[in-house]
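# pasting the structure only:
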């Protein structure tokens with residue numbers, strides 16, 4: 001007989017979670033942002049090397065052939081197709097799936113709040129995120145710090161002009177237990193320093209923080225711009241609360257050719273890492289070619305945000321059933 005059938009989240013917590021959902025819908029309704037739903041399954045998938053998608057087979061009745069589909073890691077691609085079709089500002093509370101991710105802050109299945117605002121610049125979107133977390137979740141106002149400034153303050157080097165070996169040496173000196181033969185590229189070492197050295201410092205600040213102007217190599221689906229010092233940077237931000245990454249926002253890339261090149265570069269990295277190549281979403285590229293409006297967008301980890309708002313120890317404590325008990 002199975003004994004551990006009960007949810008880890010208690011009923012009071014689930015009622016609080018439901019209230020937050022109602023409050024979020026009210027927040028966006030007042031701003032005339034349309035709630036949408038998009039497919040969870042797609043024959044295409046994100047190419048980013050750090051993402052691993054779940055796959056499933058569609059087998060038409062009466063057929064022996066299998067058609068591979070992927071569970072969405074984010075509703076982003078389909079939502080951008082809606083934007084190109086003239087939807088205006090939209091949001092979605094979506095179930096998303098990432099293979100292999102599990103832990104205090106990770107689950108193979110979780111909830112994401114994602115929204116896009118053609119009317120807002122990236123700075124204006126940051127303002128809106130700031131209002132949301134204060135009004136709905138009662139957090140403090142969000143401070144803003146540049147990626148370059150964080151590394152200069154905490155690690156004493158300029159991320160835009162230092163050598164790769166300098167970044168690697170800094171990581172080896174600052175992070176205990178790293179293997180001497182660990183091989184990473186420049187961004188890999190920077191990400192290690194961010195997660196192991198800087199994020200704990202952000203937690204100690206006792207206030208939410210926007211980190212902005214990432215290196216251009218970390219643009220993902222954001223546009224590239226120049227900062228005040230003339231460095232190419234990704235026009236994007238990440239939100240940290242108590243040192244936990246909560247949200248990722250972009251001034252969205254509009255150039256379909258540039259996006260295709262990034263997808264192909266991602267797939268080359270996947271091949272180099274002996275990971276399966278991902279099918280490119282040609283529907284998204286066609287939508288962008290037809291005219292994706294200038295817009296800013298953000299994806300927010302719903303379970304993490306509720307965990308912090310309710311002072312819970314992990315995301316399992318705010319989910320009806322964790323992945324292990326599903």
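Received the coordinates, thanks. In this text, all values refer to a predicted model and were calculated from it rather than measured experimentally. Residues are numbered from 1 along each chain as shown.

# which of the residues in the helix or strand hosting residue 27 are buried?
Using DSSP states H and E, the element containing residue 27 is helix 11-30. Within helix 11-30, the residues scored as buried using 16 or more other CB atoms under 10 Å are 13, 16, 17, 20, 24, 27, 28. The way it works is simple: take the backbone N, C-alpha and C, and place the C-beta from them, glycine included.

# Identify the residue spatially nearest to the first one, adjacent ones excluded.
In other words, residue 13. residue 318 (5.9 Å; CB to CB, 6 or more residues apart in numbering).

# ok, now residue 51?
residue 73 (5.2 Å).

# burial count for the one you found?
Here the number of neighbours of residue 73 (other CB atoms under 10 Å) works out to 21.

# Greatest separation within the buried residues of helix 11-30: which pair is it?
13 and 28 (23.2 Å; CB to CB).

# before we move on, the earlier item: the buried residues of helix 11-30 into CSV, with extra columns for distance to residue 181?
Output for the buried residues of helix 11-30, formatted as CSV (distance: CB to CB, whole Å):
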residue, distance to residue 181
13, 45
16, 47
17, 45
20, 46
24, 47
27, 49
28, 49
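
# Show me which of those is closest to residue 253.
residue 28 (23.9 Å).

# Who are the contact partners of the residue nearest to the closest one when sequence neighbours are not counted?
Leaving aside its sequence neighbours, residue 28 sits nearest to residue 91 (CB to CB, 6+ apart; 5.2 Å). Applying CB atoms under 8 Å, 6 or more residues apart in numbering to residue 91 gives the contacts 28, 33, 34, 35, 36, 113, 114, 115, 116.

# which residues of the stretch 1-150 of the chain fall in strands?
For the stretch 1-150 of the chain, the strands defined by DSSP state E, counting those that start in this stretch occupy 34-35, 41-42, 55-58, 67-71, 90-97, 109-117, 143-146.

# Single out the most deeply packed of these.
Among those, judged by mean count of other CB atoms under 10 Å, the one packed with the most neighbours on average is strand 109-117 (a mean of 22).

# Could you report the separation of residue 16 from residue 311?
11 Å (CB to CB, to the nearest Å).

# On the strand side of things, show who the residue nearest to residue 28 bridges to.
residue 35, residue 115 (DSSP bridges).

# any idea how far the spatially most central residue of the chain is from residue 187?
Central residue of the chain (CA atoms, centre = their mean): residue 248, 4.8 Å from the mean position. Using CB to CB, residue 248 is found at 15 Å from residue 187.
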